[in-house]
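1. okay, sequence plus prediction incoming.
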Amino acid sequence: MAWTYDSIGNILSKSQDGSSMTYAYNSVTHKLDTVTAGGTAYNYSYDANGNITACPKLEGASSISATLAIAYNVDNMPTQVVKSESGQPDVTTNFYYDGNGARVRKEVVGEGTTFYASQYYEVKNGVATKYIFGADRRIAKITDGEGIQYFSKDHLGSSTVVTDDSGAVVEQADYRPFGEDRFYTGTVATPTPYKYTDQELDESTGLYNYDARHYDPAIGRFISPDSLIPNLYDPQQLNPYAYCRNNPLIYVDPSGHYTVGDIDASHDACLGFFGGSVDDIGRLSSLWSNNRTEEAYTSTNTNLSKPLVLVSTLEQTRPMWQAASAFGVADLIGIAARSVLPQAVGLAVQPHLEEYAEKNKHGGLQGWVFGPLESYLFGDKAKEAQNQTTETIAQEATQEKTDDIGVYHRIKSDTQTFVDAMMIQKTGELWGGIPHNGKNTDIPCVKAYTGPLLEGQIGIEFTTSVKPDSYHPNTAYWSAGNPGVQVRGGYAVINVTVTKNTHSILDY
């Protein structure tokens, strides 16, 4: 399958096996007006808010399988989708949401109902499923009557293989770049709906639920415009319908609002390798840091012996970790203790950037080990070999230290409400504007208090590997333009992991 694009990144055509489909757009709003397949033009209709209300359901690059009629609530979330297919009865799907816009019930008329207690529990037609997470990704599910099943993911987080507790494959899938099924096989009574990039596919509509919006993989676009502009300075993010900057091979959108990929590149810099020459290290550092994973992997196998890549984050959701894990050639080892620089047994370590080996300069380091290395030696500094101990990889991975991951908190205020807390917890991002007090600056920055949330306080507690650029008494600031601080729409943004949330809707 192949795609062509216009000068501003809109998809112009999709072709497969000699058949093709062409797209035509509104030149002002980026709306998709028509799709022509098999010589027939199919129109897209919109409401006043830009939501698609009627459209064809495309199959491959040449055919139309059905048409969809979509109704929305005042929050621009779909409440009903009616799928009409020639010679078949209409299929009506109704959606229900809570006060925060989260889906709580899905009803496929005549087929059954799914209740969503949380992201961890669902009940479909009376059958309960519990989802188990690791690093914000589903790694397993337990369904009544079926036992436990494990998800294997690709570098985008898509479910590609599902195995049961005996290791037998019970589901297998592959996807085209924009999320259409390339193939699927399964033998289970309750197939997983969480497929492409770990998002929920509504089989009755063919649309994916990305929380903030629904996504149509057949056209590679969201069916509603983004209510946020993540980055005013990135032209690819100014198209409110585009999915992942029209580059779905290296980017993902975890919430329907934000493209994740190159945003995290500054946190994924390659810092060092075991073995090899300095030239090898410098070249591979560039490849890894720019997410050219396959090329780096090939070079690693041919040129380096037992290399260890150090990255400045504890989060396995980063693209470098995802890619290395997907290739099946790397194991993660936790080395998050302050000023610890690992040293392979019998090998010298060559840090790519010396300052990262020095105490208090950087934290939250992790590494990937390639090859059969079973243990490693680490100390305060490799060249001084201080406080060296030998640890097995398995032990260290289960005993990660977080000494260098800063702990901070924010307490209830006009800018830290229940809704703010939910958004921070859901997106893993903390935003900040120009401070009104405490710091004399006209530069946007994120502000928080240092240390954990105190007993009885209403607010959030979080960790981040991004170092504050300045401190005032008990207060930390992350200013736009500093390492790890993103700038979006005039706001400073840092990646965080919420560890405690004591907000309650009853407090407001």
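-> Okay, I see it.
2. hey, where'd the helices end up in this structure?
-> Listed in chain order, the helices of the chain (DSSP state H) span 278-289, 293-303, 319-327, 393-398, 418-427.
3. lowest average confidence across those helices, which one?
-> Lowest mean pLDDT within the helices of the chain: helix 393-398, a mean of 27.
4. how is the protein divided into domains?
-> Structurally, the chain divides into domains by automatic domain parsing as follows: 64-246, 264-398, 406-507.
5. worst average pLDDT in those?
-> Mean pLDDT is lowest for domain 264-398 among the domains of the chain, at a mean of 36.
6. so who does the residue nearest to residue 122 when sequence neighbours are not counted touch?
-> Nearest residue to residue 122 in three dimensions, chain neighbours excluded: residue 129, at 5.0 Å (CB to CB, 6 or more residues apart in numbering). All C-beta spots, glycine's among them, are computed from the backbone N, C-alpha and C. Contact partners of residue 129, counting by CB atoms under 8 Å, 6 or more residues apart in numbering, are 121, 122, 123, 141, 142, 143, 144, 190.
7. let's see which of those residues end up in strands.
-> Using DSSP state E, the members of the contacts of residue 129 that fall in strands are 121, 122, 123, 141, 142, 143.
8. out of these, which are buried?
-> Buried members of these, counted by 16 or more other CB atoms under 10 Å: 122, 141, 143.
9. just checking, what's the longest strand in this protein?
-> Using DSSP E to define each element, the chain has its longest strand at strand 63-72.
10. just the buried positions in that one, please.
-> The neighbour-count check on strand 63-72 (16+ other CB under 10 Å) flags 64, 66, 67, 68, 70, 72 as buried.
11. any chance of those in a markdown table, plus distance to residue 460?
-> Below are the buried residues of strand 63-72 laid out as a markdown table (distance: CB to CB, whole Å):
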| residue | distance to residue 460 |
| --- | --- |
| 64 | 47 |
| 66 | 44 |
| 67 | 44 |
| 68 | 39 |
| 70 | 35 |
| 72 | 31 |
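12. how about those, which pair is most distant?
-> Across these, no pair lies farther apart than 64 and 72, at 22.8 Å, counting by CB to CB.
13. got TSV for the contacts of residue 129, with distance to residue 254 too?
-> Output for the contacts of residue 129, formatted as TSV (distance: CB to CB, whole Å):
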residue	distance to residue 254
121	20
122	19
123	24
141	19
142	23
143	24
144	28
190	24
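14. out of those residues, flag the one nearest to residue 414.
-> Of all the contacts of residue 129, residue 414 sits closest to residue 121, with 33.5 Å by CB to CB.
15. so that closest one bridges to which residues?
-> Beta bridges link residue 121 to residue 130 when assigned by DSSP bridges.
16. so it sits against residue 130, correct?
-> Yes - applying CB atoms under 8 Å, one finds residue 121 in contact with residue 130, separated by 5.7 Å.
17. intersection of neighbour lists for those two?
-> Common neighbours of residue 121 and residue 130, using CB under 8 Å, 6+ apart, do not exist here.
18. could you measure from the residue nearest to residue 122 over to residue 112?
-> Computed as CB to CB, to the nearest Å, the residue 129 to residue 112 distance reads 14 Å.
19. and the contacts of stretch 84-101?
-> Contacts with stretch 84-101, where a contact means CB under 8 Å, 6+ apart, come from 65-69, 73, 75, 77-83, 103-111, 202, 204-205, 211-212, 419, 422, 505.
20. circling back to that earlier point, distance check, the residue nearest to residue 122 against residue 65.
-> Noted for residue 129: a distance of 28 Å to residue 65, by CB to CB.
21. over to residue 3?
-> 20 Å.
22. which residues of the stretch 151-300 of the chain fall in strands?
-> All strands of the stretch 151-300 of the chain, identified by DSSP state E, counting those that start in this stretch, fall at 159-164, 169-175, 181-186, 200-202, 207-209, 214-216, 221-222, 272-274.
23. so can I have a markdown table of those strands showing mean neighbour count?
-> Below are these laid out as a markdown table (neighbours: other CB atoms under 10 Å):
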| stretch | mean neighbour count |
| --- | --- |
| strand 159-164 | 18 |
| strand 169-175 | 18 |
| strand 181-186 | 11 |
| strand 200-202 | 20 |
| strand 207-209 | 23 |
| strand 214-216 | 24 |
| strand 221-222 | 24 |
| strand 272-274 | 26 |
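24. quick check, nearest of the buried residues of strand 63-72 to residue 449?
-> For the buried residues of strand 63-72, the nearest to residue 449 is residue 72 (39.8 Å; CB to CB).
25. residues in contact with residue 67?
-> 54, 55, 56, 57, 83, 84, 85.
26. can I get the buried part of the residues you listed as one PyMOL selection?
-> Remark: buried members of the contacts of residue 67, expressed as a PyMOL selection using 16+ other CB under 10 Å:
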select buried, resi 55+56+57+83
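27. of the contacts of residue 67, which belong to strands?
-> Counting by DSSP E, those place 54, 55, 56, 57, 83, 84 in strands.
28. out of the residues you listed, who's nearest residue 462?
-> The shortest approach to residue 462 among the ones in strands among the contacts of residue 67 belongs to residue 55, at 40.1 Å (CB to CB).
29. count the residues that sit near the nearest residue to that closest one once chain neighbours are set aside.
-> Spatial nearest neighbour of residue 55, excluding adjacent residues (CB to CB, 6+ apart): residue 44 at 4.8 Å. Neighbourhood size, residue 44 [other CB atoms under 10 Å]: 21.
30. and residue 44, how far from residue 450?
-> Between residue 44 and residue 450 the distance is 51 Å, computed by CB to CB.
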